[in-house]
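Participant: Provided below are the primary sequence and the corresponding predicted coordinates.
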Number of protein chains: 2
Amino acid sequence: MKISVHKRILDANDQAAAANASLFAEHHVICINMISSPGSGKTTILARTIKDMKPGMRIGVIEGDLKTDLDAQRIRTTGAPAVQIETNGACHLTAAQVSDAARAMPMDSLDMVFVENVGNLVCPSAFELGESARVVVLSTAEGDDKPAKYPGTFMKAAVILINKVDLLPLVDFDLERVSSDARALNPDVKIFVISAKTGEGFAPWCEYLRTLRRH
Amino acid sequence: MKISVHKRILDANDQAAAANASLFAEHHVICINMISSPGSGKTTILARTIKDMKPGMRIGVIEGDLKTDLDAQRIRTTGAPAVQIETNGACHLTAAQVSDAARAMPMDSLDMVFVENVGNLVCPSAFELGESARVVVLSTAEGDDKPAKYPGTFMKAAVILINKVDLLPLVDFDLERVSSDARALNPDVKIFVISAKTGEGFAPWCEYLRTLRRH
């Protein structure tokens, strides 16, 4: 019973995700679904990415949180358009929510839309949103055992951003372990080591984003 | 449909949680449900708490993870008994899982059992396990906006442990903001500011645990 209802919810979500994928393609917009634990630095990464890629890449952001529009406010200070989805307690974004938010964005004047999912390393992984790629963010403060402990999420990532590398001297975090555990699950995953605070590592990350561009 | 199935799952869980509460009371054991984001430092906090409270307080640990028994292995190096639950992808522990794990613990030689829930600041909050108290851990590296963004979880906490206070000079984290946001949601919540790495703040936290003792 539980499983069949869960399956029906996922089937309905997959249909909405396919419609989103068409909508983004139609407008020549790349959509990226960003997934991580709470506090890994997703919003700070986005704010710096938006600034570093101006004016060649026009970026918009769809923000997901249980409550508050704090993150959309932060993104708007960069000049980029941002739409906040408040899930009111739900642990992930759905494709239907992203569809509504995408229609509220100025799609024809954008090249890329980031969806910053609800801070949760588990549940968002099960819900396709119509994205072209998934980026999983892991902060060095969270520890190097996360790919081993959350394999489902890391398995589906096109990219892993290892953030807060400026904290490396103060935390126990073995970059080699993360890379080898992640590549064992997902041999083609791209890994960028960055600090959204200092800007370290942003050049190759932005170069990668340029390769995704649709027009 | 979705809501009524969800309600039935929660009702069944509440019954199992009540049975767990009776089981713990019968053995004069205090059960504490620990909830946080991935990588906030729950296992490190537990390892230090176990050592600091020996021999007066005999502690056992039930570990929840999607995959691996890495955390149970770490706890066992302290000499404390630990039982690992692997949820195989599920985002929270259920009372039925905790029931099985509790029965595998040497309950009559314990004063306290910590349940380290799956690293997830959202979903575990909806599932009672039969605990006497909930402790929510927030690391300073995660940012000071978490009570505002995850109100449901912070509202149900008896205690908030603010961990990794040794990183404060390097991160943007306003202790006052966290305390006032948390107390606005939950006026009676106890807040301890700690570092599981250095031991800072452990004396009042352990003193609090002693007040919970059943015999």
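Facilitator: Alright, I've got the coordinates. Numbering: from 1, shown residues only, chains lettered A, B, ... in the order given.

Participant: and the top helix by length along chain A, what other elements does it pack with?
Facilitator: Taking DSSP state H as the criterion, chain A has its longest helix at helix A:2-26. Judged by 3 or more CB pairs under 8 Å, 6 or more residues apart in numbering or on different chains; DSSP states H and E, the packing partners of helix A:2-26 are strand A:30-36, helix A:95-103, helix B:2-26. Where you see a C-beta, it was placed from the backbone N, CA and C, and this is true even at glycine.

Participant: Just checking the distance from that helix to the centre of its chain.
Facilitator: Its chain's C-alpha centre and that of helix A:2-26 lie 18 Å apart, by CA atoms, centre = their mean, to the nearest Å.

Participant: again, but for stretch A:174-183
Facilitator: 20 Å.

Participant: Show me the contact partners of that stretch.
Facilitator: Residues outside stretch A:174-183 that contact it (CB atoms under 8 Å, 6 or more residues apart in numbering or on different chains): A:138, A:144-148, A:154, A:157, A:160, A:162, A:168, A:189, A:191, A:193.

Participant: tell me the mean pLDDT for it?
Facilitator: Stretch A:174-183 comes out with an average pLDDT of 97.

Participant: List the buried residues of the longest helix of chain A.
Facilitator: With burial defined by 16 or more other CB atoms under 10 Å in any protein chain shown, the residues of helix A:2-26 counted as buried are A:Ile9, A:Asn13, A:Ala16, A:Ala17, A:Asn20, A:Ala21, A:Leu23, A:Phe24.

Participant: now it against helix B:2-26, angle please.
Facilitator: Counting by axes from the mean of the first three to the mean of the last three CA atoms, to 10 degrees, helix A:2-26 lies at 130 degrees to helix B:2-26.

Participant: Excluding sequence neighbours, find me the nearest residue to A:Phe202.
Facilitator: Distances taken as CB to CB, 6 or more residues apart in numbering or on different chains place A:Asp52 nearest to A:Phe202, at 5.5 Å, with adjacent residues excluded.

Participant: Next one, pLDDT for that neighbour please.
Facilitator: pLDDT recorded at A:Asp52 is 98.

Participant: next one: A:Leu10
Facilitator: So A:Leu10 comes in at 79 (pLDDT).

Participant: ok now do it, which residues does it touch?
Facilitator: Applying CB under 8 Å, 6+ apart to A:Leu10 gives the contacts A:Ala126, A:Phe127.

Participant: Next, count neighbours for the residue nearest to A:Phe202.
Facilitator: By the measure other CB atoms under 10 Å in any protein chain shown, the count of residues near A:Asp52 is 14.

Participant: Ok, A:His28 next?
Facilitator: Look at A:His28: counted by other CB under 10 Å, it has 13 neighbours.

Participant: Can you give me the neighbour number for A:Tyr208?
Facilitator: A:Tyr208 has 15 neighbours, counted by other CB under 10 Å.

Participant: beta partners for the most centrally placed residue in chain A?
Facilitator: Centre of chain A computed as the mean C-alpha position; nearest residue by CA atoms, centre = their mean is A:Met34, 0.7 Å away. Taking DSSP bridges as the rule, A:Met34 bridges to A:Glu116, A:Val135.

Participant: now the helices and strands packed on helix A:2-26 as CSV including distance to A:Cys206?
Facilitator: Output for the helices and strands packed on helix A:2-26, formatted as CSV (distance: least, CB to CB, whole Å):
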stretch, distance to A:Cys206
strand A:30-36, 13
helix A:95-103, 23
helix B:2-26, 40
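
Participant: least reliable of the ones you listed going by mean pLDDT?
Facilitator: helix B:2-26 (a mean of 87).

Participant: Close to chain B: what parts of chain A are there?
Facilitator: Residues of chain A lying near chain B by CB under 8 Å from any CB of the partner chain: A:1-2, A:5, A:9, A:37-39, A:65-68, A:70, A:89, A:91, A:118-123, A:139, A:141-143, A:145-146, A:148-152, A:164, A:166-167, A:170-171.

Participant: Now a PyMOL select for only the buried ones of those.
Facilitator: Selection of buried members from the residues of chain A next to chain B for PyMOL, criterion 16+ other CB under 10 Å:
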select buried, chain A and resi 9+37+38+39+65+66+68+91+118+119+120+121+122+123+139+141+142+143+145+146+148+149+150+151+164+166+167+170+171
